[in-house]
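Asks: Below is the structure, and that's it, no one-letter string:
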């Protein structure tokens, strides 16, 4: 079993996700948030390694999906209801799945730089 790894996500030095799980194994990436009944900030996931599209198939909760390029700049933000798919973001290298309304509440927009800290 793969040991879970966590990172902090920051915007302009302020911590916006104190403990974000890295979806690193094939199983973690496949499962994602499937089975999550209530989306909380501590359930947030970071997908690394070229995720250009995400889905919410088999999910029970709505989420915000943030697509980041190789410089960790936000290139796309989607609010995703269950059983939906995002558009493709061909330059995306990382994806953050967070609670619905997360990006709006923290005023995150395209072009913002997010820091990912171990």
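Replies: Sure, I can see it. From a predicted model like this one, the values you see are computed outputs, not experimental measurements.
Asks: Now do stretch 103-114: distance from first to last residue.
Replies: Taking Cα to Cα, to the nearest Å, stretch 103-114 runs 12 Å from one end to the other.
Asks: and what of stretch 19-39?
Replies: End-to-end for stretch 19-39, by Cα to Cα: 14 Å.
Asks: Identify each buried residue in that stretch, please.
Replies: 20, 21, 22, 23, 24, 28, 32, 33, 36, 39 (16 or more other Cβ atoms under 10 Å). Quick note: C-beta positions are derived from backbone N, CA and C, even for glycine.
Asks: Now stretch 49-60: average pLDDT?
Replies: Mean pLDDT, computed over stretch 49-60, is 92.
Asks: so after the helix or strand of the chain with the lowest mean pLDDT, what's the next helix or strand?
Replies: Within the chain, no helix or strand scores below helix 26-31, which has a mean of 84 by mean pLDDT, DSSP states H and E. For helix 26-31, the following helix or strand on the C-terminal side (DSSP states H and E) is strand 45-48.
Asks: Report all helices and strands that that following strand contacts.
Replies: Counting contacts by 3 or more Cβ pairs under 8 Å, 6 or more residues apart in numbering; DSSP states H and E, strand 45-48 packs against strand 14-22, strand 94-99.
Asks: Listing partners with orientation, what would you give for the last one?
Replies: The pairing partners recorded for strand 94-99 under DSSP bridges are strand 45-48 (antiparallel), strand 63-68 (antiparallel).
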